[in-house]
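**Student:** Sharing a sequence plus its predicted fold:
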Amino acid sequence: MFDNNSLQRSRRGFLQTAGVTTAGIALSGCTSLLGGSSSDSGSVTIKTRHYPTGEMDAFLDKHTKKFKDETGITVEYETMQWANGKTKQTTSMQNRSGPDVGEIPSTYIPTFANLDGFEDITTIDVDIDKSSFFDSPNEIGNYKGEFIGMPWFWGPRAHLSYMPSLKKAGIDGPPSTWNEMVQQGKSFNDENPDSYLFGIPAQENVSHFFADFLWQNGGTLLTDDNTKAAFDSDRAVEALNFYKDLQSNHSVMPKETAEWKGDARDNAFTSHKIQSTWASLATVDVFLEEEEISESDITISKLPAGPNGESATFYGLELIGIHPWTDHPKESAKWLKYLARPEVNADIAEMTGFLPAVKESFKRDRFQTPVWQGFKKLTSTGKTFPQVDGWSQVEAIINDAVSGVLVDAATGKWSEGDTRKALKTAAKQANKELE
């Protein structure tokens, strides 16, 4: 999963993300819509379903046409929304009906695998070299010995800094540790009382940011065997208290961040209310829509390390797979193989604002800039959420607990011990979901 506020935006603006685009008709979930089997690929129509990431619709419009011109196979697609997409997909899996091909957010893999929602593509004649993908996406796609999806695009969060403001304040570069972050924040705020060094939203993807702080402090979200919550440990409490104190005690972040969603953070960065943030490559495109900000103004760097750990950042991964009920496995496999071509994978990366999963795709000239190369370097510090069934519910529990602490701190309602109490309560709730 990715930054929700930036998923539907890019340098070329907002997408039309509701319903089905001109390249496809709505899927009713009936198997009759999938058509009968055919040995003639040129007369076959396959259907696919995707989330509205960046310019996904524009990408599919372009490449379904190219694919049909090349193979004669028609690909029709449906766009599903993040709010109900998982439910729509799991319903199809339970009913054993729906499209031939579908997108797989990495955190949904356990649920989809338990429902036998996607074929192990190594059992289908896809003829895709797994070594062509980066290692981390490959490892995630291989769930319990089955390669249930082909890695498609992915991306970590970086520490994005607007360097003109930092240099003016005498700050040479981004912080490498939590202590440096606090020192730089206080120094900057003393000279610029109406502006802040840093800011991240507390009402959107807050579980991702909490995980960043937790990992940086050497903590884990779950126990080693992924059966119990571990985000209520001493290191977790220390991590959330540090996160809280950035806004409430250290003046590194404005207190309003407790109420921010992604759009508010983006506006604060482009208006220079904040000078740095943690965000994805897609968010850089949002910033670069502003005429006052150029790519050379933005520095991409690792997130800082905590006192008990090292730099770490959340990353999301999208895969694409073939449903086992398809009447057209051969044609669906051809579509996946087409999407795995380096030039096609480069297109999906550029048009969504994330990194390509195919290593050779990075040879594209557009990806040789400091921004793209900076994000590529961050992949070594990337971590993702545990692949366990029920994680969506656990993540929602973490979101509520963490945002509650941040809001209470910003409004003066937080008291000593509240952080530990909130995380302990959340961990008990999470353990019920993990049973």
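**Tutor:** Yes, it's here.
**Student:** Quick check: beta-bridge partners of residue 317?
**Tutor:** Beta bridges link residue 317 to residue 154, judged by DSSP bridges.
**Student:** Let me know the pLDDT of it.
**Tutor:** Here, the pLDDT recorded for residue 317 equals 95.
**Student:** That one: neighbouring residues, count only.
**Tutor:** Other residues near residue 317 come to 28 when the count uses other CB atoms under 10 Å. For the C-beta atoms, the positions are set from N, CA and C on the backbone; glycine is no exception.
**Student:** my read: it touches residue 108, true?
**Tutor:** No: Residue 317 lies out of contact with residue 108 (CB atoms under 8 Å); the separation is 10.8 Å.
**Student:** so after the lowest-mean-pLDDT helix or strand in the chain, what's the next helix or strand?
**Tutor:** When each helix and strand of the chain is scored by mean pLDDT, DSSP states H and E, helix 4-7 comes last, with a mean of 46. Moving toward the C-terminus from helix 4-7, the next helix or strand (DSSP states H and E) is strand 45-50.
**Student:** Give the other helices and strands that that next one contacts.
**Tutor:** helix 56-71, strand 74-79, strand 101-105, helix 329-339 (3 or more CB pairs under 8 Å, 6 or more residues apart in numbering; DSSP states H and E).
**Student:** These: which one's closest to residue 47?
**Tutor:** Of all those, strand 74-79 sits nearest to residue 47, with 5.0 Å by CB to CB.
**Student:** Packing partners of the closest one?
**Tutor:** Using 3+ CB pairs under 8 Å, 6+ apart: strand 74-79 touches strand 45-50, helix 56-71.
**Student:** next one: it to chain centre, how far?
**Tutor:** Taking CA atoms, centre = their mean, to the nearest Å, one finds strand 74-79 lying 23 Å from the centre of the chain it belongs to.
**Student:** What's the first helix or strand after that strand?
**Tutor:** Next element after strand 74-79 (DSSP H and E): helix 85-95.
**Student:** so where is this protein shaky, pLDDT-wise?
**Tutor:** Across the chain, the ranges flagged by pLDDT under 70 are 1-42.
**Student:** Show me the domain layout of it.
**Tutor:** 4-156+317-382, 158-279+390-434 (automatic domain parsing).
**Student:** so how far is the longest one off the chain centroid?
**Tutor:** Put plainly, it is domain 4-156+317-382. Centre-to-centre, domain 4-156+317-382 and its host chain are 15 Å apart (CA atoms, centre = their mean).
**Student:** Compile the domains of the chain into a markdown table and extend it with columns for distance to residue 297.
**Tutor:** Listed next are these as a markdown table, based on distance: least, CB to CB, whole Å:
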| stretch | distance to residue 297 |
| --- | --- |
| domain 4-156+317-382 | 10 |
| domain 158-279+390-434 | 6 |
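**Student:** all strands of the stretch 251-400 of the chain, in order?
**Tutor:** 276-279, 298-301, 313-322, 355-356, 382-383 (DSSP state E, counting those that start in this stretch).
**Student:** How is the nearest residue to residue 137 once chain neighbours are set aside assigned, secondary-structure-wise?
**Tutor:** Sequence neighbours aside, residue 151 is the residue nearest to residue 137 in space, at 3.4 Å (criterion: CB to CB, 6 or more residues apart in numbering). With DSSP: H, G, I helix; E, B strand; the rest coil as the basis, residue 151 sits in strand.
**Student:** what residues are up against residue 151?
**Tutor:** Listed by CB atoms under 8 Å, 6 or more residues apart in numbering, the contact set of residue 151 reads 133, 134, 137, 138, 140, 141, 317, 319, 357, 358.
**Student:** so how far is residue 339 from it?
**Tutor:** With distances taken as CB to CB, to the nearest Å, residue 151 is found 10 Å from residue 339.
**Student:** list residues touching both of the two?
**Tutor:** With CB under 8 Å, 6+ apart as the test, residue 151 and residue 339 reach no residue in common.
**Student:** on that earlier part again, quick one: the helices and strands packed on strand 45-50 as CSV, columns for distance to residue 248 too.
**Tutor:** Conversion of the helices and strands packed on strand 45-50 to CSV gives the following (distance: least, CB to CB, whole Å):
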stretch, distance to residue 248
helix 56-71, 38
strand 74-79, 40
strand 101-105, 33
helix 329-339, 46
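**Student:** To residue 351, which of the ones you listed lies closest?
**Tutor:** Across the helices and strands packed on strand 45-50, closest to residue 351 is helix 56-71 (CB to CB), at 4.6 Å.
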